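> coords please:
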Amino acid sequence: ATMLHLPVGGSSSIGARDAPLRGAQMVDVPVYNMSRWLLSRFSPADFVVLKLDVEGTEYELLPLLLGTGALAVVDELFIEMHFDRQSWKSTDRRTKCSEAAEAALTARGLPCVHRHEALHWLQFMREMCVYVHEWG
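From the prediction side, this is the model:
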């Protein structure tokens with residue numbers, strides 16, 4: 001697995017997501033390909049419940065899970081859809097999407113994700129026969 005060097009513990013403060021946490025220690029955390037992991041461990045005969053809270057990365061992860069067929073082994077998907085915040089690609093994800101902020105972000109290729117887009121994803125997955133439930 002690929003390793004990612006991340007802060008663990010400590011206290012956070014409002015600011016950029018890559019700002020160090022006070023009192024945090026840095027540890028190496030393994031990063032896995034979720035599609036490969038699901039397909040290598042489960043088959044359509046298994047009963048798989050997947051709960052996802054990936055802090056806005058769901059908009060990148062879901063197309064990959066659908067495209068690789070990994071969601072075919074998932075019977076129930078519970079997902080927290082993040083919206084009305086800046087894109088996960090932005091370093092400031094805590095700021096709500098204002099009209100001015102959205103225009104500036106869109107110009108840089110970092111759009112805000114809105115509620116209707118989250119609902120569109122849920123509907124699309126249901127049309128693809130994925131039993132998806134929103135939580136959070």
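> contacts and neighbour counts: CA atoms only from here.
Noted.
> in the protein, which spans are strands?
Here the chain has its strands, by DSSP state E, at 2-8, 25-31, 49-52, 76-79, 132-134.
> center of the chain - which residue?
In the chain, the C-alpha closest to the average C-alpha coordinate belongs to T57, at a distance of 2.5 Å (C-alpha atoms, centre = their mean).
> now mean pLDDT too, for the strands of the chain, in a markdown table please.
Formatted as a markdown table, the strands of the chain follow (pLDDT from 0 to 100):
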| stretch | mean pLDDT |
| --- | --- |
| strand 2-8 | 77 |
| strand 25-31 | 84 |
| strand 49-52 | 94 |
| strand 76-79 | 95 |
| strand 132-134 | 93 |
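> redo those as CSV? Include distance to E99.
Formatted as CSV, those follow (distance: least, C-alpha to C-alpha, whole Å):
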stretch, distance to E99
strand 2-8, 32
strand 25-31, 35
strand 49-52, 29
strand 76-79, 27
strand 132-134, 26
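> format the ones you listed as CSV; extra columns: mean neighbour count and distance to S40.
Converted to CSV, the strands of the chain look like this (neighbours: other C-alpha atoms under 10 Å; distance: least, C-alpha to C-alpha, whole Å):
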stretch, mean neighbour count, distance to S40
strand 2-8, 13, 17
strand 25-31, 12, 16
strand 49-52, 14, 15
strand 76-79, 17, 18
strand 132-134, 16, 22
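> distance of the residue nearest to the centre of the chain from P63?
When distance is defined by C-alpha to C-alpha, to the nearest Å, T57 is 11 Å away from P63.
> do R115 as well
Between R115 and P63 the distance, using C-alpha to C-alpha, works out to 18 Å.
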